[in-house]
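> got a predicted model here, sequence first, then my questions.
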Amino acid sequence: VHAAHRLADAYPAGQLYVDLHGFSGRRPFDPAEALALLLHAVGAGGKVPETLDGRAAEWREWTARNRVLVVLDNARDAAQVRPLLPGSAGCLAIVTSRNRLSGLDGATSLLVDALPAQEAA
């Protein structure tokens, strides 16, 4: 989240944050649910499509026209994340996970050690 704040000026369409609940003890968001949240947040079009493919297509279209930074936090796996990735090189997605996510084309991985308990609080 700190990195997203530092990069905010480069993304004039805004910064979006979604906790995907991959490891939170709650039921993880499925990609269709997360896409509905994102589409509502940006006011993309009117009615949100019913299907995952329809939502993903609308999201890609919107992000192709708008420079946005998306933080996808607490991802379970690459399959949960893939449909949520922006549709333009002018956008940025920051994805956090406790698992190593493979199969995300063009992604750069950064391994971050756990914070000491005092700093994490």
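That came through, no problem. Numbering: from 1, shown residues only.
> wait, Tyr11 sits on Arg67?
Yes - contact criterion C-beta atoms under 8 Å: Tyr11 and Arg67 qualify, at 5.0 Å. No exception for glycine: its C-beta is placed from N, CA and C like everyone else's.
> more neighbours, the two?
Tyr11 (18 against 15; other C-beta atoms under 10 Å).
> what residues are up against the more buried one?
Listed by C-beta atoms under 8 Å, 6 or more residues apart in numbering, the contact set of Tyr11 reads Arg67, Val68, Leu69, Cys91, Leu92.
> against Leu20, how distant is it?
For Tyr11, the distance to Leu20 equals 20 Å [C-beta to C-beta, to the nearest Å].
> what's next to stretch 96-106, contact-wise?
Contacts of stretch 96-106 (C-beta under 8 Å, 6+ apart): 22-23, 71-78, 81-82, 85, 95, 107, 109.
> which of those residues lies closest to Ala3?
Here the nearest of the contacts of stretch 96-106 to Ala3, counting by C-beta to C-beta, is Val71; it sits at 8.5 Å.
> what strands flank the helix or strand hosting the closest one, and is each parallel or antiparallel?
If you go by DSSP states H and E, Val71 is part of strand 69-75. Sheet pairing of strand 69-75 (DSSP bridges) gives strand 15-19 (parallel), strand 92-97 (parallel).
> fine, thanks again, bye for now.
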